[in-house]
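Asker: Pasting the sequence and the predicted coordinates here, then a few questions.
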Amino acid sequence: MDTAEAFAPSIPNRPNPKRRDLALRIAVPFAVIAVVVLIWGLYVKLSGVPPYILPGPIAVANAFATDWGTLAPALWVTTKITFMSLMLALVGGVGFAIFLVQSRWIEIAFYPLAVILQVTPIVAISPLILIYAPSTQVALLICAFLVAFFPILSNMVQGLKSVDHNLINLFELYGASRWQTLLYLKLPAAQPYFMTGLRIGGGLALIAAVVAEFAAGSAGAGSGLAFRLLEAQYRLNIPRLFAALLMLSLLGVAIFAVTSFISWLSLHRWHESSLRREN
C-alpha cells in the first residue's frame, strides 16, 4: 500500500441525495397518516362516541378483515368499470382531438357538443342512459366514460394546438405531409398535455363510476362498492362503510400513482416538468 494512501484521512460515505429525497417523500406522508389515525383512535376512545356514529380504527380494521369476502368482489367490479371507461376515454378523447384540430371549422362545429356533455351533470342524464343501455354495467361504463372523456379531450386539443409555429413551417418547408406532421411533431409536443389529462381522467373515472352506481341503484352480486356503501348505511354498519370508503380511497391513490408513474416514464428524460433542477 502506498504511504500517501495509508495516511490519507478516511471520508465517510455520504448518503445519496436522491435516495434521501425519495425516503422523505415516502416517510413523511405515512407519518402524517399515522398521526391522523392515532388522533382518531384517541378521540374515539376518550370521548366514548358509539361505534354506530364513529367507529375507531380497530373496528374499521376488523370490518375490513371480516367483510373482505363481500367487499373484494365489489372492489373488483368498480375497478373494472373505472379502467375500462378510462381506456375508452383515452381512445375517444385522443381520436376526437385529432379530428378537431384538422380544421378550424370542424372545431367550431363539434367542440361545443363535447362541452355540453361536460357541463351536463351525470346524475341528470344517468336515468336516460339506464333506459337506453342494454344492461346496468354498460350504463355505468357509459357514465364513467362521459365524465373522463372531456379532460382528456380538452388537454389533448390544447397540446396539439400549442406546437411551435416555426416548427410547423419547417415541416412544411421540407414537404412533410399532414400525417407526418401530426405523427412526428404534434403528437410528441402534445404528450405533456395528454399526461395531464390522463391523471385527471383517471380520478374522474373512479368518481363517475361510484356516482353512476349511486344513481343506478344497482344491487346484487355484480354490484360495486357504491352499493356496499349504501347497504352499510341502511344497516347502520358504519365500520363496513368506513372500510369500503378506505378501499375507494386506496383505489384512487393507486390510480393516481400509476398514471403519475406513466407520466414520469414518458417525460422524465426530456420535458422540463419532470427534469430535476441542477441549481
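Answerer: Here it is on my side, so go on. This structure is a prediction, so every number in the text was calculated from the model and none was measured.

Asker: Moving C-terminal from the longest helix anywhere in the chain, which element do we reach first?
Answerer: When the chain is parsed with DSSP state H, its longest helix is helix 68-100. Counting by DSSP states H and E, the next helix or strand C-terminal to helix 68-100 is helix 104-119.

Asker: Need the contact partners of that following helix.
Answerer: By C-beta atoms under 8 Å, 6 or more residues apart in numbering, the surrounding residues in contact with helix 104-119 are 96, 99, 100, 101, 146, 149, 150, 153, 154, 157. Where C-beta positions appear, they are placed from N, C-alpha and C, glycine not excepted.

Asker: tell me the angle of it relative to helix 68-100?
Answerer: Between helix 104-119 and helix 68-100, the angle comes out at 160 degrees (axes from the mean of the first three to the mean of the last three C-alpha atoms, to 10 degrees).

Asker: Tell me the pLDDT of residue 218.
Answerer: At residue 218, the model reports a pLDDT of 59.

Asker: meant to ask about residue 5
Answerer: On pLDDT, residue 5 comes in at 52.

Asker: same deal with residue 211?
Answerer: On the pLDDT scale, residue 211 gets 85.

Asker: Show me how to select, in ChimeraX, the buried members of the contacts of helix 104-119.
Answerer: Here is the ChimeraX command that picks out the buried ones among the contacts of helix 104-119, judged by 16 or more other C-beta atoms under 10 Å:
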select :96,100,101,146,149,150,153,154,157
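
Asker: Can you pick out the most distant pair from the contacts of helix 104-119?
Answerer: Longest distance between any two of those is 21.5 Å, between 101 and 146; criterion C-beta to C-beta.

Asker: where in the stretch 151-279 of the chain is pLDDT low?
Answerer: Applying pLDDT under 70 to the stretch 151-279 of the chain flags residues 217-222, 270-279.

Asker: The same query, at a cut-off of 90, please.
Answerer: Where the stretch 151-279 of the chain drops to pLDDT under 90, the residues are 161-165, 168, 171-172, 175-179, 188-189, 207-237, 260, 263-279.

Asker: quick revisit: please tabulate the contacts of helix 104-119 in CSV, including the columns distance to residue 83.
Answerer: Converted to CSV, those look like this (distance: C-beta to C-beta, whole Å):
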residue, distance to residue 83
96, 20
99, 24
100, 25
101, 27
146, 16
149, 15
150, 18
153, 19
154, 21
157, 24
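
Asker: What is the nearest of the contacts of helix 104-119 to residue 66?
Answerer: Of those, the one sitting nearest to residue 66 (C-beta to C-beta) turns out to be residue 146, at 36.3 Å.

Asker: The closest one is in what secondary structure piece?
Answerer: Assigned by DSSP H and E, residue 146 falls within helix 136-161.

Asker: And for residue 245, the neighbour number?
Answerer: Close neighbours of residue 245, defined as other C-beta atoms under 10 Å, add up to 14.

Asker: so which helix or strand takes in residue 204?
Answerer: helix 191-216.

Asker: Report the inter-axis angle for that helix versus helix 68-100.
Answerer: Using the same axes, to 10 degrees: helix 191-216 against helix 68-100 is 130 degrees.

Asker: can you give me the angle the helix or strand just after helix 191-216 makes with helix 136-161?
Answerer: Sequence-wise, the next helix or strand downstream of helix 191-216 (DSSP H and E) is helix 225-234. Helix 225-234 and helix 136-161 are oriented at 120 degrees to each other (the same axes, to 10 degrees).
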